[in-house]
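Q: Sequence and computational prediction follow.
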Amino acid sequence: MTMHRRDVLAGALALGALLLVRPRVRAQEGSLTPFVGDHGGQIYNYRLPAEPSLDGLPGVLWTGAAAPEVILVEFFDYNCPYCRAASGDLQALLARTPGLRLGLVNNPVLGPGSVQAAKIQQAVLRNHGPAKALAFHERVFAGHGAVDGPSALAVVPGLGLDARAVGAAGDLPQVGDVVKRQAHLAAALGFSATPSFMIDGIGVLGYPGPRAMARAVAAIRQCDRLACA
């Protein structure tokens, strides 16, 4: 993905198109369940009108249990510091939680660089499969500083992939369309914060922290709520 002024402009236009999508789902007044994050504050959560199936959504990066008991979906942005913090925590949670499956969905709302990085991720997933795409995801979040097309492509050779080929694939219109569809779903669900999560038909705005997330997964398994009475 060679970055010229026209590419930056195209990224900005693509981002503008995403931001113009108005959420069709409004979070109800007050949280569905009292859910306190690791920082001690309330984490806003609400019942989605109907849990959307991700079966028809292209480009979801899945990891974890093949036959899940609990499915957690994160909507993230590669320039979101809380998403960066959540990345390692969620992988650790998967490792110690049999029956948990995690879906990763792009919601690149923090600038053109986020859109560019999402396209690179999708190019890796499309052409090289979920294992390479997950390795890309983790390595991008293990880095420092702002993320854009060039910095995302800089990760690719370390995966044993051809950066030039991956960049060309990231420029394909169909790859951009996948990123737009993912962002459209995030907007439709009312996910105005990054990260946001979908679990068992519940929307969660923001990252509650590793301990609170682990408790929520356990509670969903036990009582279908983020916290059991």
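A: Cool, got the structure.
Q: Grab the nearest non-local neighbour of residue 79.
A: residue 110 (4.3 Å; Cβ to Cβ, 6 or more residues apart in numbering). (Glycine included, C-beta is placed from N, CA and C.)
Q: before we move on, what SS does the one you found have?
A: Per DSSP: H, G, I helix; E, B strand; the rest coil, the local secondary structure of residue 110 is coil.
Q: Low-confidence stretches in the protein?
A: Within the chain, the stretches with pLDDT under 70 are 1-29, 50-52.
Q: Which residue ranges of it form helices?
A: Residue ranges of the helices in the chain, as given by DSSP state H, are 5-19, 81-96, 112-128, 130-142, 149-155, 163-170, 173-188, 210-223.
Q: Serialize the ones you listed to CSV and add fields for distance to residue 59 and mean neighbour count.
A: Listed next are those as CSV, based on distance: least, Cβ to Cβ, whole Å; neighbours: other Cβ atoms under 10 Å:
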stretch, distance to residue 59, mean neighbour count
helix 5-19, 15, 14
helix 81-96, 17, 16
helix 112-128, 5, 25
helix 130-142, 9, 18
helix 149-155, 15, 21
helix 163-170, 12, 19
helix 173-188, 4, 19
helix 210-223, 23, 18
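Q: do you know which of those helices lies nearest residue 195?
A: Closest to residue 195 of the helices of the chain is helix 81-96 (Cβ to Cβ; 4.7 Å).
Q: if we can go back for a sec, got CSV for the helices of the chain, with distance to residue 41 too?
A: Formatted as CSV, the helices of the chain follow (distance: least, Cβ to Cβ, whole Å):
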stretch, distance to residue 41
helix 5-19, 27
helix 81-96, 13
helix 112-128, 26
helix 130-142, 23
helix 149-155, 32
helix 163-170, 37
helix 173-188, 22
helix 210-223, 10
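Q: Between those helices, which one is closest to residue 69.
A: Comparing the helices of the chain by Cβ to Cβ, helix 210-223 comes nearest, at 6.0 Å.
Q: now for that closest one, which elements pack on it?
A: strand 70-76, helix 81-96, strand 196-199 (3 or more Cβ pairs under 8 Å, 6 or more residues apart in numbering; DSSP states H and E).
Q: For the residue nearest to residue 79, give me phi and psi.
A: Main-chain dihedrals, residue 110, degrees, to the nearest 10: phi -100, psi 20.
Q: okay, now it: neighbour count?
A: Neighbour count for residue 110, taken as other Cβ atoms under 10 Å: 18.
Q: From what I see, it and residue 80 are in contact.
A: Yes: using Cβ atoms under 8 Å, residue 110 is in contact with residue 80, at 6.2 Å.
Q: tell me, what's touching these two both at once?
A: Taking Cβ atoms under 8 Å, 6 or more residues apart in numbering as the contact rule, residue 110 and residue 80 both touch residue 194.
Q: residues touching the residue nearest to residue 79, list them.
A: Residue 110 touches 77, 79-80, 194, counting by Cβ under 8 Å, 6+ apart.
Q: Alright, calling it a day.
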